[in-house]
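A.B. asks: Below is the structure, and that's it, no one-letter string:
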Ligand SMILES: O=C(O)c1cc(=O)[nH]c(=O)n1[C@@H]1O[C@H](COP(=O)(O)O)[C@@H](O)[C@H]1O
């Protein structure tokens, strides 16, 4: 169970330099299933950042949140596929034509899995309202997930609050990735940082999330490896008690 739990934990390399990222990745490698390369490191280091994951034999999740016209996104997906990453994010808000094009390009690759970001975990209903979206975060996330699945995208990124509804709607037929994880913060509606829709690792797994993205609680811990191990144990306990496997 511990190995299955470890496989589900992704650590974002949100670091300013390649050296810091490599050092941090190496320190936690034995207790995570994969590494997420996001905007900060990729803008600075490009493919060299991706290589950290390959060198450590970990899955790489390239988080570029692509959102552009279909032609531009399709070409970017092809470029990402050439880096041999396992996961790549696109913004579901880019629409059906953009996601369909991305999905067609990914389907021709060697196993690249696309994830559509629904409603960022840093947003709440008020933020959506301010950009003209009414109906709340769950409604909007479900609408975008529906669009993503019907466009051929295999996975979605959503907060724990939407996971149960996503499972009910799509069953096991969707990969659900959940950021906004704050160990030990059960009931607070805010993490004390930019994340607004948060949960503990246990809550995310019990709701049915497949993969958890946990950054600052590991990166900023005194002992990042111990923090990652504690999260893996929490995931394993929850998997055992809820008998969720995949
Ligand atoms: O696509 C993502 O990974 C993502 C989507 C989302 O809705 N919220 C979100 O926090 N993320 C990413 O997940 C990570 C969360 O990091 P922490 O808030 O430090 O745990 C960051 O690298 C974010 O870019």
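C.D. replies: Looks like it came in fine. A quick note: this is a predicted structure, and the numbers were derived from the prediction, not measured.
A.B. asks: Going by C-alpha atoms from here, please, whenever you check contacts or count neighbours.
C.D. replies: Fine.
A.B. asks: Who does the residue nearest to the spatial centre of the chain form a beta bridge with?
C.D. replies: Geometric centre of the chain, nearest residue: residue 177, 4.5 Å, by CA atoms, centre = their mean. Under DSSP bridges, the beta-bridge partners of residue 177 are residue 157, residue 211.
A.B. asks: longest single strand anywhere in this structure?
C.D. replies: When the chain is scanned for its longest strand (criterion: DSSP state E), the result is strand 59-66.
A.B. asks: Who are the packing partners of that one?
C.D. replies: strand 34-37, helix 47-55, strand 87-91 (3 or more CA pairs under 8 Å, 6 or more residues apart in numbering; DSSP states H and E).
A.B. asks: Show the pLDDT at residue 97.
C.D. replies: pLDDT for residue 97: 98.
A.B. asks: I am assuming it contacts residue 70, so please confirm or correct that.
C.D. replies: Yes. If you go by CA atoms under 8 Å, residue 97 and residue 70 touch, sitting 6.3 Å apart.
A.B. asks: of these two, who's got more company?
C.D. replies: residue 70 (18 against 13; other CA atoms under 10 Å).
A.B. asks: what's the spacing between the residue lying farthest from the centre of the chain and the ligand?
C.D. replies: Ranking residues of the chain by C-alpha distance from their mean position (CA atoms, centre = their mean) puts residue 132 at the top, at 25.3 Å. Going from residue 132 to the ligand by CA to the nearest ligand atom, to the nearest Å gives 19 Å.
A.B. asks: again, but for residue 71
C.D. replies: 22 Å.
A.B. asks: quick one: contacts for that residue?
C.D. replies: Residue 71 is in contact with 98, 101, counting by CA atoms under 8 Å, 6 or more residues apart in numbering.
A.B. asks: quick one: pLDDT of it?
C.D. replies: Residue 71 carries a pLDDT value of 98.
A.B. asks: quick check, it in a helix?
C.D. replies: Yes. Assessed with DSSP: H, G, I helix; E, B strand; the rest coil, residue 71 lies in a helix.
A.B. asks: Those residues of this structure touching the ligand, which are they?
C.D. replies: 12, 63, 120-121, 179-181, 213-216 (CA under 6 Å from any ligand atom).
A.B. asks: Take the residues you listed and keep only those in helices.
C.D. replies: Under the assignment DSSP state H, these contribute residue 216 to helices.
A.B. asks: can you count the residues close to residue 130?
C.D. replies: 9.
A.B. asks: quick one, the longest strand of the chain and strand 87-91 angle?
C.D. replies: In terms of direction (axes from the mean of the first three to the mean of the last three CA atoms, to 10 degrees), strand 59-66 departs from strand 87-91 by 20 degrees.
A.B. asks: Next, the angle from strand 59-66 to helix 47-55.
C.D. replies: 150 degrees.
A.B. asks: which one's the longest helix in the protein?
C.D. replies: Under DSSP H, the chain gives helix 224-242 as its longest helix.
A.B. asks: So which other helices or strands are in contact with that one?
C.D. replies: helix 2-7, helix 18-28, helix 201-207, helix 216-219.
A.B. asks: before we move on, back to that, which residues touch the residue nearest to the centre of the chain?
C.D. replies: Counting by CA under 8 Å, 6+ apart, residue 177 has contacts 155-158, 209-213.
A.B. asks: Which residues does stretch 20-38 contact?
C.D. replies: 6-15, 49-50, 52-53, 56, 58-64, 219, 224-225, 228-229, 232.
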